[in-house]
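K.L.:
coords please:
(one chain, ligands or ions: 2)
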Amino acid sequence: MARVPFELRGKSVYVAGHRGMVGSALVRRLAREDVRLVTVERREVDLRNQAAVFDWFAQMRPQVAFLAAAKVGGIVANDTLRAEFIYDNIAIATNALHAAHQSGVEKLMFLGSSCIYPKLAPQPLHEDAMLTGPLESTNEPYAIAKIAGIKMAEAYRHQYGSDFISVMPTNLYGPGDNYHPELSHVVAALIRRFHEAKVSGAKTVVVWGTGTPRREFLYVDDMADACVHLMKTYSGAELINVGTGTDITIAEFAHLVADVIGYIGEIHFDTSRPDGTPRKLLDVSRLTNLGWCAATSLHDGLKRAYAAYLSHEYKTEIASRTGSL
Ligand SMILES: NC(=O)C1=CN([C@@H]2O[C@H](COP(=O)(O)OP(=O)(O)OC[C@H]3O[C@@H](n4cnc5c(N)ncnc54)[C@H](OP(=O)(O)O)[C@@H]3O)[C@@H](O)[C@H]2O)C=CC1
Ligand SMILES: C[C@H]1O[C@H](OP(=O)(O)OP(=O)(O)OC[C@H]2O[C@@H](n3cnc4c(=O)[nH]c(N)nc43)[C@H](O)[C@@H]2O)[C@@H](O)[C@@H](O)C1=O
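P.N.:
Ligands and ions are numbered 1, 2, ... in the order given. Presented below is the predicted three-dimensional model:
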């Protein structure tokens, strides 16, 4: 059966995690499609609650689902909230994927992460590197949960013929990010730290680790655009990496953030803090062959992310999401 191109038009589309960074970008992107958006707040349906999830899918019967809900955070959140990261993320994946199968969802996208690849896998990280070696210890519980979700989508495709696809995003940033000083990812952490240093006139800013790890960063609205593109054009069991295909050291990145924010002081590296994976550069050849590439440069994306931070920094939404971590 030819399953692509998949027609989104006229469909009811569920975005799980619609208040999050990726989910809200998906909502912005889907506003350009002729679809009926379906969302539900966590206080009404906690995706860890199997009965609530099964009931909600049976009642709402969405035709399409983007699974962008997860327990998410940076290196310290992953390393310290290890039980929550494995429990929440396995529960969310198993409940939502099985409910989608039971209620007859036509097509579903599961969002994994580039941290599912082995710590020392060859670079750039090809999709076939999954399960070929030990994981990075700081995010092993999260990665195991994501691998469970990927394998579940693959199994349901194999046994039931479900059109479930899995995409592996690189490190993401942009509007709606979490700015918690300890628990956030590096982009949000440094935007906040450099901004506060500029405002207070601080002479030094501390950046974690040695500065030598390399990371690839994708602007979240590009991520949402890639998700919609792949939903329409891809159907298969193979994973699809989603990134830019270029990376940068954390030291170079810190200087770029300082430049965008206008901070002119010194940068110190705190080597007592973890570096995590030495390098996480995605091989994006499958994505490129499917006709998609990123549109936003890191410099432009950071300018937009900083503008979003300035316009949201005192709003309670970020404060409440930060408090929930
Ligand atoms: N950010 C990144 O750099 C990367 C993210 N990803 C993946 O992308 C996806 C989206 O991440 P991102 O947008 O950054 O994360 P956010 O933390 O910004 O958003 C996560 C969303 O999931 C919802 N959620 C979490 N737990 C539950 C629950 N138990 N029940 C219902 N809803 C829940 C949150 O709800 P609420 O708003 O109520 O808190 C929130 O809307 C995730 O699958 C993540 O693993 C992959 C690679 C990199
Ligand atoms: C997306 C991916 O994100 C996580 O992995 P990670 O790439 O290690 O994420 P990170 O953004 O927290 O750090 C990136 C690098 O940056 C350095 N770094 C410097 N200074 C700060 C800093 O102030 N905060 C943070 N968080 N990191 C800093 C930090 O030491 C590291 O070398 C996974 O757990 C998992 O969640 C996942 O899927």
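
K.L.:
and residue 90, what is it in contact with?
P.N.:
When contacts are counted by C-beta atoms under 8 Å, 6 or more residues apart in numbering, residue 90 touches 144-145, 148-149. C-betas here are computed from N, CA, C, even on glycine.

K.L.:
and which of those is nearest residue 12?
P.N.:
residue 149 (22.4 Å; C-beta to C-beta).

K.L.:
which non-adjacent residue is nearest the closest one?
P.N.:
Distance criterion C-beta to C-beta, 6 or more residues apart in numbering; nearest residue to residue 149, sequence neighbours excluded, is residue 93 at 3.3 Å.

K.L.:
Verify the assumption that that neighbour is located in a helix.
P.N.:
Yes: assigned with DSSP: H, G, I helix; E, B strand; the rest coil, residue 93 falls within a helix.

K.L.:
First-to-last residue distance for stretch 61-75?
P.N.:
End-to-end span of stretch 61-75 (C-alpha to C-alpha, to the nearest Å): 36 Å.

K.L.:
okay, now the residue nearest to residue 39 when sequence neighbours are not counted: neighbour count?
P.N.:
For residue 39, ignoring the flanking residues on the chain, the nearest one in space by C-beta to C-beta, 6+ apart is residue 18 at 4.2 Å. Residue 18 has 22 neighbours, counted by other C-beta atoms under 10 Å.

K.L.:
So residue 18 is in contact with residue 26, correct?
P.N.:
Yes: here residue 18 reaches residue 26: they are 7.3 Å apart, a contact under C-beta atoms under 8 Å.

K.L.:
Quickly list what's touching both of these two.
P.N.:
residue 68.

K.L.:
how about residue 212, what does it touch?
P.N.:
By C-beta under 8 Å, 6+ apart, residue 212 lies in contact with 249-251, 275, 278.

K.L.:
From residue 170, how far off is the residue nearest to residue 130 when sequence neighbours are not counted?
P.N.:
Leaving out its chain neighbours, the residue that sits closest to residue 130 by C-beta to C-beta, 6+ apart is residue 116, at 5.6 Å. Distance, residue 116 to residue 170, by C-beta to C-beta, to the nearest Å: 12 Å.

K.L.:
Need the overlap of contacts for these two.
P.N.:
Counting by C-beta under 8 Å, 6+ apart, residue 116 and residue 170 have no common neighbour.

K.L.:
how many other residues sit next to residue 283?
P.N.:
Around residue 283 there are 18 other residues, counting by other C-beta under 10 Å.

K.L.:
The one 3 residues further on now?
P.N.:
The burial count assigned to residue 286 is 18, neighbours taken as other C-beta under 10 Å.

K.L.:
Show the backbone phi and psi for the nearest residue to it once chain neighbours are set aside.
P.N.:
Excluding its sequence neighbours, the residue lying closest to residue 286 (C-beta to C-beta, 6+ apart) is residue 240, at 5.4 Å. Dihedral angles of residue 240 (phi, psi; degrees, to the nearest 10) stand at phi -130, psi 120.

K.L.:
just to revisit the earlier point, and the residue nearest to residue 39, its phi and psi?
P.N.:
According to degrees, to the nearest 10, residue 18 has phi -70, psi -20.

K.L.:
Where do the helices of the stretch 1-150 of the chain begin and end?
P.N.:
Along the stretch 1-150 of the chain, the segments classed as helices by DSSP state H, counting those that start in this stretch run 21-30, 50-60, 75-80, 82-103, 140-160.

K.L.:
Can you redo those as CSV, where the extra columns are mean pLDDT?
P.N.:
Output for the helices of the stretch 1-150 of the chain, formatted as CSV (pLDDT from 0 to 100):
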stretch, mean pLDDT
helix 21-30, 98
helix 50-60, 98
helix 75-80, 97
helix 82-103, 98
helix 140-160, 98
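
K.L.:
picking that back up, out of the contacts of residue 212, which are close to ligand 2?
P.N.:
250, 275 (C-beta under 6 Å from any ligand atom).

K.L.:
before we move on, the earlier item: will you turn the contacts of residue 90 into CSV that also has distance to residue 40 and neighbour count?
P.N.:
Output for the contacts of residue 90, formatted as CSV (distance: C-beta to C-beta, whole Å; neighbours: other C-beta atoms under 10 Å):
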residue, distance to residue 40, neighbour count
144, 27, 15
145, 21, 25
148, 23, 16
149, 19, 25
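
K.L.:
Mind picking the two most distant members of those residues?
P.N.:
Distance extremes for those: the farthest pair is 144 and 149 at 10.0 Å, using C-beta to C-beta.

K.L.:
follow-up on the earlier one: JSON lines for the contacts of residue 90, including distance to ligand 1?
P.N.:
Below are the contacts of residue 90 laid out as JSON lines (distance: C-beta to the nearest ligand atom, whole Å):
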{"residue": "144", "distance to ligand 1": "13"}
{"residue": "145", "distance to ligand 1": "9"}
{"residue": "148", "distance to ligand 1": "13"}
{"residue": "149", "distance to ligand 1": "9"}
